[in-house]
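Trainee: Using only what follows, build the 3D model:
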Amino acid sequence: MKKIVYVFAAAALLLMPSCQQFEPEIFDESAAERANSFLADIRETLVAEQYGWTLDYYPKKDFAGTTYALKFTSQQVTAIHESAPSVSETSTYALKYDNASVLSFDTYNSILHKYATPNSAEYQAKGGDFEFEIRGFNKETKEIKLVGKRSRCVCTLRPLKKEAKDYLSVIKGLEPALPAAFKGTVADSVMVGFLDAGIRTLSFAGEGSGEYEDVRYVVTDKGIRFMTPFTFNGVTFSEFIPDESGEHFAGGDISFEKVYPEGWISYEKFKGNYTLTHKDGSFQVALEADETGTGFYMTGLSSEWKLPVRYNSGRGILAFNVQRLGGNNTHQFWFCALDAGAKQFTWSTDAGMISEADNADLDEFTITFVNDGKYTSVVWASFYITAFSGEPSSDSYDSAGLPRSWYFVNGSSYLKGPITIKKIAE
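Mentor: Okay, the predicted model is just below:
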């Protein structure tokens with residue numbers, strides 16, 4: 001029996017070369033040659049554009065989508081960020097193959113590396129990257145899809161049709177005039193939408209449903225463009241374009257009318273002085289514009305720190321979120337959320353409270369902070385300043401590591417709910 005097995009094995013070996021010679025050649029070039037050819041095509045395309053490129057850049061979820069303007073030569077790239085259209089910086093870049101075709105901004109550039117450079121407060125930086133896998137190249141539109149090698153952040157390169165400084169200047173002027181809250185009829189159903197300019201996110205839902213979906217966006221010289229197209233009631237949207245009056249958005253052939261919700265308060269009206277009241281007393285605080293002009297700092301809570309507070313422009317509300325406030329050589333100091341019974345706390349940055357306004361149309365209005373609804377099992381009602389020896393976790397919690405100077409001005413590390421603030425008329 002063994003002899004028969006050996007005979008068949010030998011016959012199979014004899015037949016193998018004759019079978020192999022009939023296998024078709026799928027590619028005329030090797031994988032390395034194809035990769036080099038593709039990267040050469042990308043380089044030629046990047047260099048050829050007269051005005052350069054826009055880069056729609058989406059860091060991790062709690063940073064807003066943002067825009068760069070890039071101009072390439074064969075070896076260098078000049079970058080401008082939308083926050084400072086008159087400032088540019090030039091550095092080198094590389095196109096290489098590293099398990100995928102990669103565009104690498106391989107020498108430090110303070111503008112291009114803005115979201116990718118870690119520090120003591122952000123060990124993962126701002127969720128950006130400086131090396132990107134090339135995930136798609138549309139030769140017709142010349143769009144190039146990129147994904148960060150480390151962070152997996154999503155970016156898209158598109159050809160510019162005007163000078164970079166002009167394009168970015170239009171963005172800066174257009175954003176404040178965008179309709180922040182709107183609704184329109186989409187295939188017999190009413191869609192409502194809210195823009196949160198602080199994190200550049202559109203929340204949309206069917207009117208009355210309350211089940212909102214979120215999609216991130218960047219601002220263009222014409223309106224807003226979404227990170228990925230979204231579909232509502234069978235209709236797909238990739239961008240919204242405002243009319244000259246700023247009273248309507250056009251999503252393709254559908255018009256959305258600016259309509260603000262009840263209790264909406266403008267950004268400018270929120271600025272000013274307040275009396276903050278909590279379970280154990282009250283003190284004076286103020287809301288001051290932050291560097292972006294889309295959010296606030298609440299001052300007066302402590303002599304050592306001021307609290308970043310988000311403003312949701314579409315809903316006209318404030319949001320307190322759990323966040324890292326600072327630290328020293330041994331501890332990180334965090335603004336954490338507490339439940340109503342002050343028995344559970346969290347360092348999840350998704351947790352927080354939002355504002356509900358009484359008499360929003362008056363100069364002296366009152367705001368109550370309520371649970372934001374992101375947790376169904378826990379209702380957050382209070383806040384707590386605490387210290388962690390390392391990254392936040394139940395094991396690293398160390399209340400003794402919090403200096404008293406970081407306490408609230410009431411002398412406690414707790415700010416127990418209910419929490420309200422009342423505007424003081426000027």
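Trainee: Show the subsequent helix or strand relative to the lowest-mean-pLDDT helix or strand in the chain.
Mentor: Among the helices and strands of the chain, helix 2-20 carries the lowest confidence by mean pLDDT, DSSP states H and E, at a mean of 35. Counting by DSSP states H and E, the next helix or strand C-terminal to helix 2-20 is helix 31-48.
Trainee: Return the set of buried residues in that next one.
Mentor: By neighbour count on 16 or more other Cβ atoms under 10 Å, the buried set for helix 31-48 is Ala35, Asn36, Leu39, Ile42, Arg43, Thr45, Leu46. No exception for glycine: its C-beta is placed from N, CA and C like everyone else's.
Trainee: Could you break the protein into its assigned domains?
Mentor: Taking automatic domain parsing as the reference, the chain has its domains at 32-169, 178-258, 267-423.
Trainee: Count the residues that sit near Met298.
Mentor: Using other Cβ atoms under 10 Å, Met298 has 19 neighbouring residues.
Trainee: Helix, strand, or coil at it?
Mentor: strand (DSSP: H, G, I helix; E, B strand; the rest coil).
Trainee: Name the nearest residue to Ser74, sequence neighbours excluded.
Mentor: Spatial nearest neighbour of Ser74, excluding adjacent residues (Cβ to Cβ, 6 or more residues apart in numbering): Val47 at 5.8 Å.
Trainee: Next one: the one you found from Asp41, what distance?
Mentor: Val47 sits 11 Å away from Asp41, going by Cβ to Cβ, to the nearest Å.
Trainee: for Arg216, same thing?
Mentor: For Arg216, the distance to Asp41 equals 30 Å [Cβ to Cβ].
Trainee: Helices along the stretch 51-200 of the chain, start to end?
Mentor: 164-174 (DSSP state H, counting those that start in this stretch).
Trainee: In it, where is pLDDT below threshold?
Mentor: The stretch 51-200 of the chain contains residues with pLDDT under 70 at 61-62, 117-127.
Trainee: Show me the strands in it, by range?
Mentor: Under the criterion DSSP state E, counting those that start in this stretch, the stretch 51-200 of the chain carries strands at the ranges 53-58, 66-72, 76-81, 89-92, 94-97, 101-104, 131-137, 144-148, 154-159, 181-186, 189-196.
Trainee: Give me the sheet partners of the third one and which way each runs.
Mentor: So the one you mean is strand 76-81. Using DSSP bridges, the strands paired with strand 76-81 are strand 66-72 (antiparallel), strand 89-92 (antiparallel).
Trainee: Same list (the ones you listed) but as a markdown table, adding distance to Phe333.
Mentor: A markdown table is the format used below for the strands paired with strand 76-81 (distance: least, Cβ to Cβ, whole Å):
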| stretch | distance to Phe333 |
| --- | --- |
| strand 66-72 | 28 |
| strand 89-92 | 33 |
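Trainee: I'd say Ala94 and Asp106 touch.
Mentor: Yes: look at Ala94 against Asp106 with Cβ atoms under 8 Å: they come within range, at 4.8 Å.
Trainee: what comes up buried for stretch 78-95?
Mentor: Going by 16+ other Cβ under 10 Å, stretch 78-95 has these buried residues: Thr78, Ala79, Ile80, His81, Glu82, Pro85, Ser88, Ser91, Tyr93, Leu95.
Trainee: and the two most separated of those residues?
Mentor: Spatially, the most separated pair among the buried residues of stretch 78-95 is Pro85 and Leu95, at 27.0 Å (Cβ to Cβ).
Trainee: Which residue, other than its chain neighbours, is closest to Lys161?
Mentor: Using Cβ to Cβ, 6+ apart and skipping the chain neighbours, the partner closest in space to Lys161 is Tyr51 (6.6 Å).
Trainee: Now find how far off-centre stretch 263-277 is within its chain.
Mentor: Here stretch 263-277 is found 25 Å from its chain centre; the criterion is Cα atoms, centre = their mean, to the nearest Å.
Trainee: Show the average pLDDT along it.
Mentor: Across stretch 263-277, the average pLDDT comes to 95.
Trainee: If you count neighbours, what's buried in it?
Mentor: For stretch 263-277, the neighbour count (16+ other Cβ under 10 Å) marks Gly263, Trp264, Ile265, Tyr267, Phe270, Asn273, Tyr274, Leu276, Thr277 as buried.
Trainee: Identify all contacting residues around it.
Mentor: Contacts of stretch 263-277 with the rest of the structure, by Cβ atoms under 8 Å, 6 or more residues apart in numbering, involve 181, 282-289, 294, 296, 300-301, 311, 313, 315-318, 356-357, 360, 365, 419-424, 426.
Trainee: Now, of those, which are buried?
Mentor: Burial by neighbour count, 16+ other Cβ under 10 Å: within those this picks out 181, 285-287, 294, 296, 300-301, 311, 313, 315-318, 357, 360, 365, 419-423.
Trainee: What about those, which are in strands?
Mentor: Using DSSP state E, the members of these that fall in strands are 181, 285-287, 296, 311, 317-318, 357, 419-423.
Trainee: List the beta-bridge partners for Ser104.
Mentor: Residues in beta-bridge contact with Ser104 (DSSP bridges): Ala94, Glu131.
Trainee: what's the burial count for it?
Mentor: Residues lying near Ser104 (other Cβ under 10 Å) number 16.
Trainee: what sits against it?
Mentor: By Cβ under 8 Å, 6+ apart, the neighbours of Ser104 are Tyr93, Ala94, Leu95, Lys96, Phe130, Glu131, Phe132.
Trainee: go on, Met298?
Mentor: By Cβ under 8 Å, 6+ apart, Met298 lies in contact with Val285, Ala286, Leu287, Lys306, Leu307, Val309.
Trainee: and what of Ala187?
Mentor: Ala187 touches Asn233, Gly234, Val235, counting by Cβ under 8 Å, 6+ apart.
Trainee: Not counting sequence-adjacent ones, nearest residue to it?
Mentor: Of all residues not flanking Ala187 in the chain, Asn233 sits nearest, at 4.5 Å (Cβ to Cβ, 6+ apart).
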